[in-house]
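In: Okay, sequence plus prediction incoming.
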Amino acid sequence: MQVLLERYGRDQRIQQLLSAAQREASLSLAPIHGGLAAVCIACLRQQRQHHRVHLVVCPDPDALSDDLEALGIPATILPELDEHDGDGDADSIRPQLLSQRLLACEAWSQGNLILATPHAVEQPVPNFRDLRAASFQVETGQRHNLSDLAERLHDQGYRVTPLVEEPGQLSQRGSVLDIWPWSASLPVRLDFFDDEVDSIRRFEPDSQETVSRITKVRFSGMGGGLIATEPLWEQIDHAPIIVLGDVPLRQRLKHDHGRPELRLGRTLSHGDLDGGSTTIQRFQGDLHRDLTELSLVPQEGSQLILLARNEEAATDHRHMISEHGLNAEVLIGRLHAGWRDQLSGVVVLHDFELAHRLPNRRRSRKRVSGGNPLSSLADLRNGDYVVHLNHGIARFRGMTTLERRGFFEDFLLLEFAEESRIYVPVAAIDLIQKYIGGSGRHPPLDRLGGKVWAKRRAKAEKAIADLSAELIEAQAKRQDAQGIAHPADDAEQRHFEARFPYEETEDQLLAMREIKQDLQANQPMDRLLCGDVGFGKTELALRAAFKVAKGGHQVILLAPTTILADQHARTFESRLQGHNLRLACLHRFVKTAQRRATLEQAAQGEIDILIGTHALLSKDLNVPLLGLLIIDEEQRFGVRHKEHLRRLRHGVDVLTLSATPIPRTLHFSMLGIRDISVLAEAPAERMAVQTHVSHWDKALLRQAIERELERGGQIFVINNRIEDLDRVAFRLGRLVPEMRYETLHGRMSEQDIHHTMERFRSGALHCLVATTIVESGLDIPNANTLIVHNAHAYGLGELHQLRGRIGRFTRQAYAFFIIPTGRSIGDDARERLDAIQEYADLGAGFKLAMRDLELRGAGNLLGAQQSGHIEAIGYELYCRLLNDAVRRLRGDPDNHQATNITGTRSPRLAFPIDAYIPDEWIEAPQIKFDLHKILENSRRHSDLSTAAQVFRDRFGPLPDPVVRLFQQHALTRACDDLGIERIERSDRQIRLRLSNGIPDMLVHSEVPGLLHVQPSDDGITLFLRHAPDQDHTLSLLCQLCHLDMGYLGREDRALASVNDEI
């Protein structure tokens, strides 16, 4: 892209703009089209030492910011406040928006380039002088009292939270202070050594892990309340401003801003300097016309510059222009639109314009928190039901640190029947699982010492053994089956994928590579593609279908609803134009004669891709060349339909798409019964839907509808009863009379459904009042407000799917879940609504899948025969035992984590140790529990090393009890590897009891303070010079077992003192 700046940096038009900026005079340059405006601004910005221009007012700051970023010019957007954000009061403004506005104000003070809309520059901003006065800087090496600093930040509006996850939050843990400054894009972590700032690190809010180190950070205060009180024009100097548009800015504002304007317009008017550019409309879609227009460019005396979004696309375009005998320069870069410069003889085109697609705006890549569904199935909270492997079902009553025999240790408190309580040491945390039953009902607590639990568990274990054998057999059959090895990608496949108008996320690229590897292998594919609503699953399915169909085999795509099947058909038809593939769609509205004809064509191999609902699943279906079966939302098909699916699957590649994966599919993926690909990276520009639960509030609903209509958007209104649709529509129509609406439900005729949907898609309707017929997969990017009436009547999965109908564009979307006024909705419904509000982040489907499982029970996830056993022992313990059984049948050598069915594993270290997480280091019980779980699940020494680095990064230096905790876990794993059953300590002796002989490394070790090693039949005894304390003992044992504990960040002072004594 530097080529463009070098070319235009010497251009006469840029020089005249620069001259006007230096003279602080107004100038209009037109016509300026496409990305040429950004190039002009970038060239001016490179000469910023010669002028004071820092503000650009334009209709679309996001697109301009993308263009400038691609040209290497950083810019900050001053976002608009809308009516929903109140009157500038900081408490009423969303934290992310408040952060962006403060960031823009600080950027201005530092001389950076600011982009804003005409509406944004008319809105009040903070007083820059007060903002500077309230701001202060912290640098490494400075001395600050940690508590005083935290209190100062709190006084300036920062909120104290356990974890810092959004702007304006702070959290203190021991010597570590986490803060997300209002004017920063990432939070920072201050690590103190006494009163000195030892380090400052930026960290990722989702993972809480460090991404970079810095030496200083500035904190902006909020001035105690009103964040926006002053006109912008009174806060900035009188330097010229850049304006994009055909009308001067001063004519569009209520008051004249009083500054010279450097205006870049699209229409040449009297007195304007000739910009000499035109649009490239004649070239749009030229890819479909075999580049007939593009071939004329050299003959017209112009030079062609083609922009490609990545290196792969650039390679494809070089091949393409070579095949057509064109001479063009291919650059890797992205601008929102191209242009033809008649004065310099240059045509700049983007690949998406040749394919006649809209560009994708790339702001920041965001991976959703909790995006990996396999990392943690459920959080444990005080009062939750748990299962103790030996004692049965109890209630979790929190964590505490207790003294035992003069030493401190962390314990979990469990309450059983008859208010009996036991304290379980964290060393035995692997014996405890969260209880999720089969029905969602609260289970009875077991009696301590009773026999009922042992019988229930034994019965479940027998059933699990049988099921695991069936699963292994089924997997073996799949691996032994002869599949279809589809051909590798060819030029047409690459050409087809290059026409995708958006830049793929890294997760999409990885998942596509995995799918293609499966398709090209000889074994049948069985892959689950998990991704939240709108994360790009359909495009990957489309590419897989294209590959298989072009390879000479047929494809079936099954969708759960008629509307979704119809939408898939539209998407496939649009993307497959010009590729000579035959497509058909079958659903319940297709007439019998047409259905029969379609099935006959499929049986004769005359249809390449067949899309439909369960109407396809009949004995009449015969697809002789079937190579790929794509199933969208498999969990929504009934038992009878799944029997048909099982018949279709045999020897065929299967790709299953799921937005809210049921836990069974996740668990089978964990077992390796099927493969899984996860789309955890949110598409660019996607924002989380703002979710509200409310009673019927006329003022709130009127404001929501009017706000959507004012920005040219559309509205979904959902009601669960067909009989009430008209009444709900009438009530909303009275609130906003100008709103155009119609109703939609499944009892309507095919023609009426199709007609209504077309009117809504085309924008002829403002509002669609419908049942859950629109629940799955419907993609109307312009609809960004959702109102769900009687929301308490829906399941959690349904609410999430409905919310997924909006927020599929770059605008902020709003969901309103309306509940009845004046009557109780029940505890279960309240929990569902609390969950849908709590999990409103991008990618929340994975968390909601597990939360839904908790609320309604595991039910029939693993078949009717297994549901009773799930109810008896809980879903998580059931899955854990099943996992162990499958591993044993496979002969998995790395099965140290197998559940000890016979009882509690005897502790390897049979001497007391002060090993716990002190309150002064971490106070929150939930975080303590999570850290203990991480340690327990660390199977290798490298896992412990990683955990220690994360702990030190998040919470600061490890205190002595936590160091001992790591040493304890490291030694326990070393004992497993070396066959050490038990380690005992008495006076000046350490006894190691062994099960499989004595390893040489233990006999011949040279350890400070060790006098003699005496082998015996069942182990060895170490004779020491002095009686060791707990730290000496642990350090000596770590060295004896050749464990490098340097990752703890501590000198081995215990052994150092022994050396000194020697």
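Out: Received the coordinates, thanks.
In: Tell me the first helix or strand C-terminal of the longest helix anywhere in the chain.
Out: Across the chain, the longest stretch assigned as helix under DSSP state H is helix 452-480. Sequence order places helix 491-498 as the next helix or strand after helix 452-480, per DSSP states H and E.
In: What is that next one packed up against?
Out: Using 3 or more CB pairs under 8 Å, 6 or more residues apart in numbering; DSSP states H and E, the elements in contact with helix 491-498 are helix 311-323, helix 537-550. All C-beta spots, glycine's among them, are computed from the backbone N, C-alpha and C.
In: With respect to these, which exhibits the lowest mean confidence?
Out: Note on the helices and strands packed on helix 491-498: helix 311-323 shows the lowest mean pLDDT, a mean of 80.
In: Work out the gap between that one and the centre of the chain.
Out: Centre-to-centre, helix 311-323 and its host chain are 32 Å apart (CA atoms, centre = their mean, to the nearest Å).
In: tell me which residues of it are tucked away?
Out: 313-314, 316-317, 320-321 (16 or more other CB atoms under 10 Å).
In: show me where pLDDT drops low in the stretch 501-650 of the chain?
Out: 501, 503, 635-643, 645-646, 649 (pLDDT under 70).
In: Now do the helices in it.
Out: 506-519, 537-550, 562-575, 592-603, 639-649 (DSSP state H, counting those that start in this stretch).
In: Now tabulate the helices and strands packed on helix 491-498 in TSV and tack on distance to residue 102.
Out: Converted to TSV, those look like this (distance: least, CB to CB, whole Å):
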stretch	distance to residue 102
helix 311-323	37
helix 537-550	37
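In: Among these, which comes closest to residue 268?
Out: Residue 268 sits nearest to helix 311-323 of all the helices and strands packed on helix 491-498, at 32.1 Å, using CB to CB.
In: Okay, angle between that closest one and helix 506-519 too, please.
Out: 70 degrees (axes from the mean of the first three to the mean of the last three CA atoms, to 10 degrees).
In: Could I get the buried residue list for whichever helix or strand comes after helix 311-323?
Out: The C-terminal neighbour of helix 311-323 among helices and strands, as given by DSSP H and E, is strand 328-332. Neighbour-count burial for strand 328-332 flags 328, 330 (criterion: 16+ other CB under 10 Å).
In: Tell me which residues are up against the helix or strand following strand 328-332.
Out: Next in sequence after strand 328-332, counting helices and strands by DSSP H and E, comes strand 339-341. By CB atoms under 8 Å, 6 or more residues apart in numbering, the residues outside strand 339-341 that reach it are 32-36, 276-280, 302, 346-348.
In: Could you single out the nearest of these to residue 962?
Out: Closest to residue 962, out of all of the contacts of strand 339-341 and judged by CB to CB, is residue 35, at 54.3 Å.
In: who touches the residue nearest to the closest one when sequence neighbours are not counted in this structure?
Out: Spatial nearest neighbour of residue 35, excluding adjacent residues (CB to CB, 6 or more residues apart in numbering): residue 335 at 3.2 Å. Shown in contact with residue 335 (CB under 8 Å, 6+ apart): 34-35, 38, 66-67, 70, 307, 348, 350.
In: how much space between the nearest residue to residue 283 once chain neighbours are set aside and residue 353?
Out: Nearest residue to residue 283 in three dimensions, chain neighbours excluded: residue 293, at 5.3 Å (CB to CB, 6+ apart). According to CB to CB, to the nearest Å, residue 293 stands 11 Å off from residue 353.
In: Pick out whichever of these two has more residues nearby.
Out: It is residue 353, of residue 293 and residue 353, that has more neighbours when counted by other CB atoms under 10 Å, with 26 against 15.
In: Flag the shaky bits of the stretch 851-1000 of the chain, pLDDT-wise.
Out: 851-868, 892-907.
In: For it, just list every one of the helices.
Out: 864-873, 875-890, 925-936, 941-955, 960-978, 1000-1003.
In: shared neighbours of residue 293 and residue 353, anything?
Out: Here residue 293 and residue 353 have residue 283 as joint contacts, going by CB under 8 Å, 6+ apart.
In: quick check: mean pLDDT across stretch 52-63?
Out: Rounded mean pLDDT across stretch 52-63 is 90.
In: Can you check the distance spanned by that stretch, start to finish?
Out: Terminal residues of stretch 52-63 lie 23 Å apart, using CA to CA, to the nearest Å.
In: Report the buried residues of stretch 5-20.
Out: For stretch 5-20, by 16+ other CB under 10 Å, it's 5, 7-9, 11, 13-14, 17-18, 20.
In: Quick one: residues in contact with that stretch.
Out: Residues outside stretch 5-20 that contact it (CB under 8 Å, 6+ apart): 26-27, 29, 39-40, 42-44, 46-47, 50-51, 71-72, 240, 260, 262, 273, 275-276, 343-344, 346.
In: residue ranges with poor pLDDT in the stretch 201-350 of the chain?
Out: Low-confidence segments of the stretch 201-350 of the chain, defined by pLDDT under 70: 221-228, 287-290.
In: and if we set it to 50?
Out: 223-226 (pLDDT under 50).
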